[in-house]
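Trainee: here is my input, please return the structure:
(one chain, ligands or ions: 1)
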Amino acid sequence: MAAVGASATLLTNTKSTAEPVRPVANFPPSVWGDLFLSFSLDNSMMEEYAEAMEEPKEQVRRFILDLTMDSNKKLSLIYTVHRLGLTYMFLKEIEAQLDRLFKEFSLEDYVELDLYTISINFQAFRHLGYKLPCDVFNKFKNDDSNTFKDSITSDVRGMLGLYESAQLRLKGEKILDEASAFAETKLKSLVNTLEGSLAQQVKQSLRRPFHQGMPMVEARLYFSNYQEECSAHDSILKLAKLHFNYLQLQQKEELRIVSQWWKDMRFQETTPYIRDRVPEIYLWILGLYFEPRYSLARIIATKITLFLVVLDDTYDAYATIEEIRLLTDAINRWDISAMNQIPEYIRPFYKILLDEYAELEKQLAKEGRANSVIASKEAFQDIARGYLEEAEWANSGYVASFPEYMKNGLITSAYNVISKSALVGMGEIVSEDALAWYESHPQILQASELISRLQDDVMTYQRERGQSATGVDSYIKTYGVSEKVAIDELKEMIENAWKEINDGCLKPREVSMDLLAPILNLARMIDVVYRYDDGFTFPGKTLKEYITLLFVGSSPM
Ligand SMILES: CC(C)=CCC/C(C)=C/CC/C(C)=C/COP(=O)(O)OP(=O)(O)O
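Mentor: Just a heads-up that it's a prediction; the model follows:
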């Protein structure tokens, strides 16, 4: 439900009885205005950065391949490379090293290692898909129980590593459930006694662990807060900074392109009641993949997600139920002749929607890949039907049972349509098989959708009270529990869904990590936007901070 509660009032019908009564959402305006329209890309700068990256890149490659390097050092190096967002440059080399080290793994080798080293090794393996057993942490437990020894609390870096490791847990890994709660409590109790970079690292992790963070932002924060770790190899830090500056130029250009498109399409004039959030939606999509090769994919996925914003806000915050029915029917028909049946204010949107998809279909047909556009279009039609269902429920005051709510809620989470749209511009790796896998609505995608739906519901339900029933209301009604119990249960479902996502990213994988990444990263972006508030409706905090850090702040060299 698009928070009409931003400042909800109902227009009373004083003029004529023909004028429908509409909610007035009064969403806060854009924080950015036209700022990103004025960017002008300097191609020669990009080339300079690309050239300057070559030497440190080769040095880092040599470090990764160095067979004389101690295995703990090697894993620490791989971990640093990963946190800096550089894995994609050395994927083959990293996997070759990890394959070898993983085969050599023996629990006995871990008996002498300290908590910090173990946690770095654990994360290096798990982040890259290798299931190092959680038993490596056993020696820090009290005998006969899952509780941890108090003696480890004086090792702050170790505790921080334990907390970060626990975010990678799977179903049944009780020791890591305990580790997460234990480390979080202890770190919170001592964070204010810390100083310098360690204090920054603990604050960063408590605010949002790396595994739940947006990869680009995490990379940027890593070289600010982990100077010592990065400077073990000068070339890594050098490469990371050049890489960030290179990406920043490319991404500012993409942001300019989508901002210009948004302006040219005049959505803000034809549908002024919507949330004007171009940089925020671009950020959301950038969260899915930041690699330079996905530039076109980001532009396409951003445009389609902006269509969703118009649709969501039209259904939730402006249209009458009759108008919603007509628009849903027109979207199902997907035919320009259906334009006459919908209200005038939404016709420009409908036309642009059809035109953009037709153009995409034409472009991708040339590469024999129009199927991905069709998959995205069908998912778009599906979500329109899902939004209609929600609107019908709200209109009749019906509170669906929780299973019924979730069936529709996974659709309205938007993550099915966004993930399929994310594939459109990704190129050849989106094979027929890959698309068929997405179409099968795999468990990991369902988990990401569940996180999206329920994290939004848990965060916004107080404010949306009285507008339309959320998952919290359905849960209370179905199971007869208190609000607090319902929220706790939904949070546990979110936690379990994260475990499924973690499992789905481990090797052997159903599809390549490139294709899984958007699904994993969509779950991360929900955490970014909704952990502390409804950051999309009110983007003045986290999202403003992230957009500033990535696109407005000065470059780190
Ligand atoms: C469910 C969810 C958070 C989806 C995010 C995916 C996404 C970027 C969708 C585009 C439309 C949008 C921003 C909906 C969230 O607003 P809302 O809080 O009003 O969503 P709702 O109307 O589905 O509750």
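
Trainee: and stretch 507-523, average pLDDT?
Mentor: On average, the pLDDT along stretch 507-523 is 98.

Trainee: what's that stretch in contact with?
Mentor: Outside stretch 507-523, the residues within contact range by Cβ atoms under 8 Å, 6 or more residues apart in numbering are 129-131, 214-215, 287-289, 415, 418-419, 422-423, 426, 429-430, 433-434, 437-438, 442, 444-445, 447-448, 451-452, 497-498, 501, 504-505. Heads up, the C-betas are built off the backbone N, CA and C, glycines and all.

Trainee: so is that stretch next to the ligand?
Mentor: No: judged by Cβ under 6 Å from any ligand atom, stretch 507-523 stays clear of the ligand, getting no closer than 7.8 Å.

Trainee: now that stretch: buried residues?
Mentor: 511, 514, 515, 516, 517, 518, 519, 520, 521, 522, 523 (16 or more other Cβ atoms under 10 Å).

Trainee: with these in mind, which one is nearest to residue 303?
Mentor: residue 518 (15.9 Å; Cβ to Cβ).

Trainee: which helix or which strand is home to that closest one?
Mentor: According to DSSP states H and E, residue 518 maps onto helix 513-530.

Trainee: CA atoms only: put that helix into PDB for me.
Mentor: Only the C-alpha atoms of helix 513-530 are listed here, as PDB (Å, rounded to 0.1, in the frame of the first residue of the first chain):
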ATOM      1  CA  MET A 513      25.700 -16.300  -9.400                       C
ATOM      2  CA  ASP A 514      25.300 -13.500 -12.000                       C
ATOM      3  CA  LEU A 515      21.700 -14.600 -12.300                       C
ATOM      4  CA  LEU A 516      21.200 -15.100  -8.600                       C
ATOM      5  CA  ALA A 517      22.700 -11.800  -7.600                       C
ATOM      6  CA  PRO A 518      19.700  -9.600  -8.500                       C
ATOM      7  CA  ILE A 519      17.500 -11.800  -6.300                       C
ATOM      8  CA  LEU A 520      19.900 -11.700  -3.400                       C
ATOM      9  CA  ASN A 521      20.500  -8.000  -3.800                       C
ATOM     10  CA  LEU A 522      16.700  -7.200  -4.000                       C
ATOM     11  CA  ALA A 523      16.400  -8.600  -0.500                       C
ATOM     12  CA  ARG A 524      19.300  -6.500   0.600                       C
ATOM     13  CA  MET A 525      17.700  -3.300  -0.900                       C
ATOM     14  CA  ILE A 526      14.600  -3.900   1.100                       C
ATOM     15  CA  ASP A 527      16.800  -3.900   4.200                       C
ATOM     16  CA  VAL A 528      18.400  -0.700   3.000                       C
ATOM     17  CA  VAL A 529      15.100   1.100   2.400                       C
ATOM     18  CA  TYR A 530      12.900  -0.300   5.200                       C
END
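
Trainee: what's whichever helix or strand comes after that helix packed up against?
Mentor: Later in the chain than helix 513-530, the nearest helix or strand by DSSP H and E is helix 542-547. Here helix 542-547 touches helix 278-286, helix 513-530, going by 3 or more Cβ pairs under 8 Å, 6 or more residues apart in numbering; DSSP states H and E.

Trainee: which parts of stretch 153-170 are buried?
Mentor: So for stretch 153-170, counting by 16+ other Cβ under 10 Å, buried means 153, 156-170.

Trainee: now it, how far from the centre of its chain.
Mentor: Its chain's C-alpha centre and that of stretch 153-170 lie 23 Å apart, by Cα atoms, centre = their mean, to the nearest Å.

Trainee: quick check: mean pLDDT of that stretch?
Mentor: Per-residue scores along stretch 153-170 average to 98.

Trainee: now do stretch 31-51
Mentor: 96.

Trainee: list the contacts of it.
Mentor: Outside stretch 31-51, the residues that touch it by Cβ under 8 Å, 6+ apart are 242-243, 245-246, 249-250, 252-253, 255-256, 259-260, 263, 278-279, 539-540, 544, 547, 551-552.

Trainee: type out the ChimeraX command that picks the buried ones from the residues you listed.
Mentor: Buried residues within these, by 16+ other Cβ under 10 Å, are selected in ChimeraX with:
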select :242,243,245,246,249,250,252,253,255,256,259,278,279,539,544,547,551
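
Trainee: so which of the contacts of stretch 31-51 sit within helices?
Mentor: Members of the contacts of stretch 31-51 lying in helices (criterion: DSSP state H): 242-243, 245-246, 249-250, 252-253, 255-256, 259-260, 263, 278-279, 544, 547.

Trainee: related to what we said a few turns ago, mind putting the helices and strands packed on helix 542-547 into TSV with distance to residue 207?
Mentor: Output for the helices and strands packed on helix 542-547, formatted as TSV (distance: least, Cβ to Cβ, whole Å):
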stretch	distance to residue 207
helix 278-286	17
helix 513-530	11
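
Trainee: which one of those lies nearest to residue 403?
Mentor: Taking the helices and strands packed on helix 542-547 one by one with Cβ to Cβ, helix 513-530 is closest: 21.5 Å.

Trainee: give me the angle between the closest one and helix 278-286.
Mentor: Using axes from the mean of the first three to the mean of the last three Cα atoms, to 10 degrees, one finds that helix 513-530 and helix 278-286 are set 140 degrees apart in direction.

Trainee: and residue 21, how many residues sit next to it?
Mentor: 9 (other Cβ atoms under 10 Å).

Trainee: on the three-state scheme, it is what?
Mentor: coil (DSSP: H, G, I helix; E, B strand; the rest coil).

Trainee: and it, how far is that from the ligand?
Mentor: 20 Å (Cβ to the nearest ligand atom, to the nearest Å).

Trainee: please name the nearest non-neighbouring residue to residue 156.
Mentor: Closest residue to residue 156 apart from its sequence neighbours, by Cβ to Cβ, 6 or more residues apart in numbering: residue 198 at 6.1 Å.

Trainee: what are the contacting residues of the helix or strand where that neighbour lies?
Mentor: Following DSSP H and E, one finds residue 198 within helix 196-207. Contact with helix 196-207 is made by 156-157, 160, 163-164, 184, 187-188, 190-191, 194, 221, 224-228, as judged by Cβ under 8 Å, 6+ apart.

Trainee: could you flag which of these are buried?
Mentor: 156, 157, 160, 163, 164, 184, 187, 191, 221, 225, 226.

Trainee: can I get these in TSV including secondary structure and distance to the ligand?
Mentor: Converted to TSV, those look like this (DSSP: H, G, I helix; E, B strand; the rest coil; distance: Cβ to the nearest ligand atom, whole Å):
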residue	secondary structure	distance to the ligand
156	helix	35
157	helix	35
160	helix	30
163	helix	26
164	helix	25
184	helix	25
187	helix	28
191	helix	30
221	helix	23
225	helix	28
226	coil	30
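
Trainee: and the furthest pair within these?
Mentor: 184 and 226 (19.9 Å).

Trainee: picking up where we left off before, and the helix holding residue 518, how far from the chain's centre?
Mentor: Counting by Cα atoms, centre = their mean, helix 513-530 comes out at 3 Å from the chain centroid.

Trainee: hang on, the earlier thing: between the buried ones among the contacts of helix 196-207, which is nearest residue 29?
Mentor: Nearest member of the buried ones among the contacts of helix 196-207 to residue 29, counting by Cβ to Cβ, is residue 221, at 28.5 Å.

Trainee: now do the closest residue to that closest one other than its chain neighbours against residue 222, distance only.
Mentor: Nearest in space to residue 221, with sequence neighbours left out and distances taken as Cβ to Cβ, 6+ apart, is residue 204 at 5.7 Å. Separation of residue 204 from residue 222 (Cβ to Cβ, to the nearest Å): 9 Å.
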